[in-house]
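> Show me how the following folds:
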Amino acid sequence: MSDTPAPKANKTRHNLLALSLVGLVAGMVGLSFASVPLYRMFCQVTGYGGLPQRADKAPGEVLDRTIRIRFDGNVDHGLPWTFAPVQQTIDVKIGETALAFFKATNETSAPVSGTAIFNVAPELAGRYFTKIECFCFKQQTLAAGQSVEMPVTFFVDPKIVEDEDTKNMSEITLSYTFYRSDKDAAKAASTSNGDGSRS
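Sure, this is the predicted structure:
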């Protein structure tokens, strides 16, 4: 009697191996597409990487202690805009809702779209710096030469003073970087009003 496996069994094994490898490759491709949104979700929940939290409103508790918020604006070399904070710093009470503005200007004679990403420094402050409203991760399209002011509404969670690593923190920096995203740039003329604001 021969120990050589039957040709049919070999073919079945090869087919199973091929299907397993195809499934593995498909799974890896799927994970590569899902990794960015999953990572962003993880960071928003935990504040990891200096990513601020999101909330619908401030907690209602305002401490009799202020913290300085510094603002920073950057533009990737591929986006022909100027972008900067309207104010460099503000001092806010911990727990108080605050409003800041950034100004963007399209320096070209054609519509251009951009999308901003952000982070907070030091990283540990990310879990306590909470944004209520922001222009980040939303595509902004500016018509030729158009300027807009973009608001950010935020607060610093009072729990920052209960954390041994952050209780003595006196300054937090909120930084934005705009990148080009021309997907809907042609719509700029129809979405801008005569006063330079956006509808």
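> and the most centrally placed residue in the chain, which of the three is it?
Compute the mean C-alpha point of the chain, and by C-alpha atoms, centre = their mean the closest residue is Ile117, 4.0 Å away. At Ile117 the chain is in strand, as set by DSSP: H, G, I helix; E, B strand; the rest coil.
> Bridging across strands, which residues link to the closest residue to it other than its chain neighbours?
In space, not counting the residues next to it along the chain, Ile117 is nearest to Thr177; the distance is 5.7 Å by C-beta to C-beta, 6 or more residues apart in numbering. The way it works is simple: take the backbone N, C-alpha and C, and place the C-beta from them, glycine included. Beta-bridge pairing of Thr177, defined through DSSP bridges, involves Asn74, Ile117.
> before we move on, the earlier item: would you enumerate the residues in contact with the residue nearest to the centre of the chain?
Under the criterion of C-beta atoms under 8 Å, 6 or more residues apart in numbering, the contact partners of Ile117 comprise 136-137, 176-177, 179.
> residue contacts, Val75?
Contacts for Val75 were tallied using C-beta under 8 Å, 6+ apart; they are 81-83, 114, 177-178.
> Tabulate those residues (CSV), appending neighbour count, distance to Ala125 and pLDDT.
What follows is these, written out as CSV (neighbours: other C-beta atoms under 10 Å; distance: C-beta to C-beta, whole Å; pLDDT from 0 to 100):
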residue, neighbour count, distance to Ala125, pLDDT
Trp81, 20, 27, 97
Thr82, 14, 27, 97
Phe83, 20, 22, 97
Gly114, 25, 26, 95
Thr177, 18, 18, 95
Phe178, 25, 22, 95
